[in-house]
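Trainee: Pasting a predicted model and its sequence here:
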Amino acid sequence: MIEESLLQSNFLGRDGFRWWIGQIPPGESLGSQNKGGGWGNRFKVRIMGYHPYNKADLPDEDLPWAGCLLPATSGTGASNMGQSVKYRPGDVVVGFFMDGDNAQIPMIMGAFGRTSQVPQDQSSSDYGFIPFTGYTSNIDVPDGTLAPDESLEQNANSQKSPRTVSKKQVDNLNSDVTADKTEIPASKAQGLSEVFADSCDDNFISNVSSHIDNLLLLANAGGDILADIAAVTKSIQRLSNNLVSTMIKGIYDFFVPLLGQALNGAWESFKKALPISDAVLALQGLIQSLGAFEDTLKCILPKIINGLETTIRNLLEDTLINVINGGICIVEQAAGSLVNDIADKIESLLAGPLDTISDLINVLSVPFDGIKNLLLSSQDVLAAIGGFFVCESEDKGKCVGTVKKWTIGYGGDGEFDLLKSYQNITANANASSLLAAIGVEGTNSPYTKPECSTPSFCGGPTVEIFGGDGVGGAAKAILGGVVSNTSGLSDITRGVAKTGSIIGVQITDPGSRYFYKPPFIRFKDSCGLGYGAVGQAKVDFNPKSPTYGQIVNVTMLSEGENYPIPENNDNGTINSEEVTVGIVDIDVIIPGSGYEPETTKITDNLGTEYTPNIVDGRIISINPSDSVRSIVKSTPKITITSTTGTGAFAKPIIRELVDDDLQGDVIQVIDCV
């Protein structure tokens, strides 16, 4: 019998196909291939049936190299088109030997996907073919922006996508003990706020608010909190430059003109009471004292700023210890403490120079009640803290409607009520001084009301309308898609028994004078549970319309989810389960092109048909063809089908329905007289 070996051609593809199953060993065995000095796409591989289980018999370093076949969709690198091979240590791969029975040149064809049964925290052992983690010293376990999940299964829980919400909202979601899998935030930056550069206003209060809110968020997310405190300290220290400069300028503007007048009066008195030579000497002494006072004012700025580092750092540490939720009332207390400390430092540094000119101060025509009281009542300081004298110059008018603050993942914020904030800041500064003066215990911290931003219960979402070129506007959120929460969740979320999505907005005040730019819309709830709702204000720009310049409706581009629906609904949120709401109009966001009336059909998932108004192939408007408004409990999906047109996109406008909406169209009027 002729031996089988005599029939071999020793040419790839002409002899037997020898396939195998193996495992990629730990990354340490890959040498320079795993450290940027390798060649091609190669991995060591321990092959079942060919290599021993015990690594003492065959170490990982002595295993053969296996090349990788690439799928047609990945590219080979030609023309810069290619994708990286993503096999990891511990993966179980399938391949074949290019040299057949000689079994010396393995090639990897594919891999088995990892399942949840594979240990995800198991390191490699002294034996091969035992599952272990794919994380290495080069690719470490994620630190909170990705779940350390190494399974890839065809189910809802495998490699769950991160949520584009803040760490605080993720914690709220994870408080639901019935959840199958822990939620994680997509980015640590979600929820951080940034104040834009502003040529019109100083915005000290806005900037301090942003830094404190961000610090609380970063502390909640973990990380190097000491480095975060140091960075925020430097930032607030820099922000204080302008505030301190304004304070010093206020003192200079107050004293110098008045002291000049006092010098003139003193000279006249000296001439009458003293010989001229003695009068000159006396006047020179006063001038020298006044010069020393002015020199101190010029040199005081760097001393104050450098001395603020410890003050601000202590303030931030107190914030992390005493404060749970950020908010404007927290910022007012922090700013009050900071302004109070700055005023104290300025008053202390000027105490000696003021004594030398006390005679001049005593003859001032304007009452003077101390440096600190002067600073805290200065209109210039008021402007430096908030910057809201919009009517002082024509240039200020260019800033109306701008967004001062932007929160990543949530959008813009409106302006503070800066006059009210300033009054609260000065009140906190005065209270801080008073409590310290009388030695009340527990006043070491600037936060006399650290829980002022912690809601007593989770109210429904509110609608904020701000920006644009007009004034006014108010609305209520319409909640639909209501979900009853699990038993016990209300204890975690302060009385919230149900949550829902914002499916519409009920305009209660249309505002006025929005002639060019519509306002921004933002949705908030007191506990920060809801997320994802995005609304777009629609304004009537037709000068001949009776609603010209007013907000006519709000289109919900995204309804979001998890917004609380409390049983005690004092804020006026509209619950679609209790109030009849429905589609009153369709907003054509993108008109598309190429549409024809005969070939275009518009419906929603509730079975309602709509009639399009098509001009030059573009869908200009959409009207319900039913005689009665569509009543809804959640946001219906509008579907536009056409054999000719493409690109159109529309969203329903949902509002509370009144009796006229529910009556339907008048079909015929019969006169019985």
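Mentor: Sure thing, it's come through. From a predicted model like this one, the values you see are computed outputs, not experimental measurements. Residues are numbered from 1 along each chain as shown.
Trainee: what about residue 590, how many residues close to it?
Mentor: The number of residues packed around residue 590, counting by other C-beta atoms under 10 Å, is 12. Bear in mind the C-beta positions are built from the backbone N, C-alpha and C, glycine included.
Trainee: got the end-to-end distance for stretch 82-90?
Mentor: Criterion C-alpha to C-alpha, to the nearest Å; first-to-last residue distance in stretch 82-90 is 24 Å.
Trainee: Flag every buried residue along it.
Mentor: Of the residues in stretch 82-90, 87-90 count as buried by neighbour count, 16 or more other C-beta atoms under 10 Å.
Trainee: chain center to it: distance?
Mentor: Averaged C-alpha coordinates place stretch 82-90 at 34 Å from its chain's average position (C-alpha atoms, centre = their mean, to the nearest Å).
Trainee: now stretch 527-535
Mentor: For stretch 527-535, the distance between its averaged C-alpha position and the chain's averaged C-alpha position is 11 Å (C-alpha atoms, centre = their mean).
Trainee: measure that stretch end to end?
Mentor: First-to-last residue span, stretch 527-535, C-alpha to C-alpha: 20 Å.
Trainee: so for it, what's the average pLDDT?
Mentor: Stretch 527-535 shows a mean pLDDT of 87 in the predicted model.
Trainee: can you tell me which of the buried residues of stretch 82-90 lies nearest to residue 228?
Mentor: Closest approach between the buried residues of stretch 82-90 and residue 228, by C-beta to C-beta: residue 88, at 32.9 Å.
Trainee: ok, the closest residue to residue 32 other than its chain neighbours - contacts?
Mentor: Among residues not flanking residue 32 along the chain, residue 38 sits closest, at 5.7 Å (C-beta to C-beta, 6 or more residues apart in numbering). Under the criterion of C-beta atoms under 8 Å, 6 or more residues apart in numbering, the contact partners of residue 38 comprise 30-32.
Trainee: Work out for me the element residue 38 sits within.
Mentor: Here residue 38 is covered by no helix or strand, with elements defined by DSSP states H and E.
Trainee: Is residue 252 part of a helix or strand, or is it coil?
Mentor: Under DSSP: H, G, I helix; E, B strand; the rest coil, residue 252 falls in the helix class.
Trainee: distance of the nearest residue to residue 413 once chain neighbours are set aside from residue 204?
Mentor: On the basis of C-beta to C-beta, 6+ apart, the spatially nearest residue to residue 413 that is not a chain neighbour turns out to be residue 405, at 4.2 Å. According to C-beta to C-beta, to the nearest Å, residue 405 stands 13 Å off from residue 204.
Trainee: Domain map for the chain?
Mentor: 4-111, 194-437, 462-660 (automatic domain parsing).
Trainee: Tell me which helix or strand comes right after the least confident helix or strand in the chain by mean pLDDT.
Mentor: When the helices and strands of the chain are compared on mean pLDDT, DSSP states H and E, helix 489-492 comes out lowest with a mean of 47. Read in the C-terminal direction, the helix or strand following helix 489-492 is strand 498-509, with elements assigned using DSSP H and E.
Trainee: Check what pLDDT residue 401 gets.
Mentor: For residue 401, pLDDT reads 49.
Trainee: How about residue 74?
Mentor: Confidence per residue is given as pLDDT, and for residue 74 that number is 89.
Trainee: which residues does it contact?
Mentor: Listed by C-beta under 8 Å, 6+ apart, the contact set of residue 74 reads 82-83.
Trainee: residues contacting residue 43?
Mentor: Contacts here follow C-beta under 8 Å, 6+ apart; on that basis residue 43 touches 24, 30, 33, 65-66, 68, 87, 93, 108.
Trainee: gap between the helix or strand harbouring it and the chain center?
Mentor: Per DSSP H and E, residue 43 falls inside strand 42-44. Taking the mean C-alpha point of strand 42-44 and that of its whole chain, the gap between them comes to 43 Å (C-alpha atoms, centre = their mean).
Trainee: and after that strand, which helix or strand comes next?
Mentor: Toward the C-terminus, strand 42-44 is succeeded by strand 46-47 as the next helix or strand (DSSP H and E).
Trainee: I'd like to know which elements that following strand is packed against.
Mentor: Using 3 or more C-beta pairs under 8 Å, 6 or more residues apart in numbering; DSSP states H and E, the elements in contact with strand 46-47 are strand 19-23.
Trainee: Neighbouring strands of the strand it packs on in the sheet, and parallel or not?
Mentor: Each strand pairing with strand 19-23, determined using DSSP bridges, is listed with its direction: strand 46-47 (antiparallel), strand 92-97 (antiparallel).
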